[in-house]
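Trainee: Just to be clear, the model below is a prediction. Sequence and coordinates:
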Amino acid sequence: MNEKLNLTNETLVAAQHPDYKAEIAQILRSTLTPKPMKERVLAYHENDIAAAMELLSREERSRLYNILEAKTLANILEYSGRLDEYIRELTIRKQVDVLSQLEAATAAEYLHRMEKAERNTLIELMDEDVRNEIMLLSSFDEDEIGSRMSTNYISLCAGSSVRQAMRTLIDQAAEHDNISTIYVVGEDGILVGAIDLKKLIIAREQTEIDAITMLSYPYVYANEQIVECMERIKDYSEDSIPVLNANNKLCGVLTSQEITKLVDDTMGDDYAKLAGLSAEEDLQEPLRKSISKRLPWLVLLLALGSVYTR
């Protein structure tokens, strides 16, 4: 009776907690042709695919590399925690494509750890926009906040109407998903302020965005020391903080993910306690807020797209 009960419990636990890693590994070891293999693998979450890679041989991982596009593979590798190891298993062309799809700061960190000749080869093969972005981040010292910024943000021109701003937003949202807060800049690129996406959406079409722009908003300079920046921005739970160059022009943002990482990695447990973030769960709070704010607006933007692009 007890054995039967134990067997039932084990079956129930297995059903509630399936071994996705093993399932994915089995798919990649099968004789499926590339198209159905890709479809079955992509039915799983990218985090589970990343975990499954640890069960695979290099030859089996190569099969995964070959069936996936660079963007999807880049997302998976970021989950893996073994970015350096796996990227080196790729062909040179695939390395370039994957690095171009990573956050520029992540790509720059990886390239910084490479031998100079190999690094230069990869950079030369990248598209000009990606190359310029990586070179910009690489121009800052590791202890300067500019080395950790991202270009995943949306900016609008001051003086635009809400209707014009929405069209610009929809165009830029195709490449940038950090949309909960939108930055307003002058014609010279100097930061004017920020707009909460909700305010932009509910404003009347002919209203100028200047009327709903927050002129008082936290920011940092790209050449500031990370420690000094964290002291000022640690209490904010914004989805991003603008980063300015020496001429006050917007050149990037600190995402909530990067801020969380900086608090955790750079300041350590002592700083976390000082900031009132005494547990790992608390360290993730800005990230959770960012995600919870961002996803509904991404869905709403899709619905509004047909309206503002007519």
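Mentor: That came through, no problem.
Trainee: Tell me the pLDDT of residue 85.
Mentor: Looking at residue 85, its pLDDT stands at 94.
Trainee: Does it belong to a helix, a strand or coil?
Mentor: Three-state call for residue 85 (DSSP: H, G, I helix; E, B strand; the rest coil): helix.
Trainee: cool, residue 183 as well?
Mentor: Relying on three-state DSSP, one would call residue 183 strand.
Trainee: tell me the phi and psi of the nearest residue to it once chain neighbours are set aside?
Mentor: Leaving aside its chain neighbours, residue 183 sits nearest to residue 155 (4.6 Å; criterion: C-beta to C-beta, 6 or more residues apart in numbering). No exception for glycine: its C-beta is placed from N, CA and C like everyone else's. Main-chain dihedrals, residue 155, degrees, to the nearest 10: phi -130, psi 150.
Trainee: How about the contacts made by residue 155?
Mentor: 172, 182-185, 250 (C-beta atoms under 8 Å, 6 or more residues apart in numbering).
Trainee: One more pass at 7 Å, please.
Mentor: 183, 185, 250 (C-beta atoms under 7 Å, 6 or more residues apart in numbering).
Trainee: Might you report the residue contacts of the second one?
Mentor: Right, the one you point to is residue 185. Counting by C-beta under 7 Å, 6+ apart, residue 185 touches 155, 157-158, 191-192, 250.
Trainee: can you rerun that using 6 Å?
Mentor: 155, 191-192, 250 (C-beta atoms under 6 Å, 6 or more residues apart in numbering).
Trainee: Just the ones in strands from these, please.
Mentor: 155, 191-192, 250 (DSSP state E).
Trainee: which of these are buried?
Mentor: 155, 191-192, 250 (16 or more other C-beta atoms under 10 Å).
Trainee: Closest to residue 138 out of the ones in strands among the contacts of residue 185?
Mentor: residue 250 (19.4 Å; C-beta to C-beta).
Trainee: From residue 116, how far off is the residue most central in space within the chain?
Mentor: Residue closest to the mean C-alpha point of the chain, counted by C-alpha atoms, centre = their mean, is residue 103 at 6.0 Å. Here the criterion is C-beta to C-beta, to the nearest Å. By it, residue 103 lies 22 Å from residue 116.
Trainee: Now do the strands in the stretch 151-300 of the chain.
Mentor: 155-157, 181-185, 191-196, 220-221, 240-244, 250-255 (DSSP state E, counting those that start in this stretch).
Trainee: can you pull the pLDDT of residue 93?
Mentor: Among the per-residue scores, residue 93 holds a pLDDT of 95.
Trainee: Give me the neighbour count for it.
Mentor: 10 (other C-beta atoms under 10 Å).
Trainee: which element is it on?
Mentor: Per DSSP states H and E: residue 93 is located in helix 92-101.
Trainee: what's in contact with the next helix or strand after that helix?
Mentor: The helix or strand immediately downstream of helix 92-101 is helix 104-112, counting by DSSP H and E. With contact meaning C-beta under 6 Å, 6+ apart, helix 104-112 is reached by 99, 119, 133-134, 137-138, 148, 150.
Trainee: try it again with 8 Å
Mentor: 78, 83-84, 87, 99-100, 102, 119, 122-123, 130, 133-134, 136-138, 147-151, 258.
Trainee: now swap in stretch 44-51 and tell me
Mentor: Looking at what lies outside stretch 44-51 - C-beta under 8 Å, 6+ apart - the contacts are 20-21, 23-24, 41, 52, 64, 72, 75-77, 79-81.
Trainee: what do you get if the cut-off is 6 Å, keeping everything else the same?
Mentor: Stretch 44-51 has contacts (C-beta under 6 Å, 6+ apart) with 20-21, 24, 75-76, 79-80.
Trainee: Any buried residues in it, and which?
Mentor: In stretch 44-51, counting by 16+ other C-beta under 10 Å, buried: 44, 46, 48-51.
Trainee: Stretch 70-79 too?
Mentor: 70, 72-79.
Trainee: So what's the residue count around residue 147?
Mentor: Residue 147, neighbours per other C-beta under 10 Å, totals 20.
Trainee: Would you point out the helix or strand in the protein whose mean pLDDT is lowest?
Mentor: helix 280-283 (a mean of 46; mean pLDDT, DSSP states H and E).
Trainee: where are the low-confidence patches of the stretch 201-310 of the chain?
Mentor: For the stretch 201-310 of the chain, applying pLDDT under 70 flags the ranges 265-310.
Trainee: re earlier: excluding its backbone neighbours, what's nearest the residue nearest to the centre of the chain?
Mentor: Using C-beta to C-beta, 6+ apart, the nearest residue to residue 103 is residue 150, at 5.6 Å.
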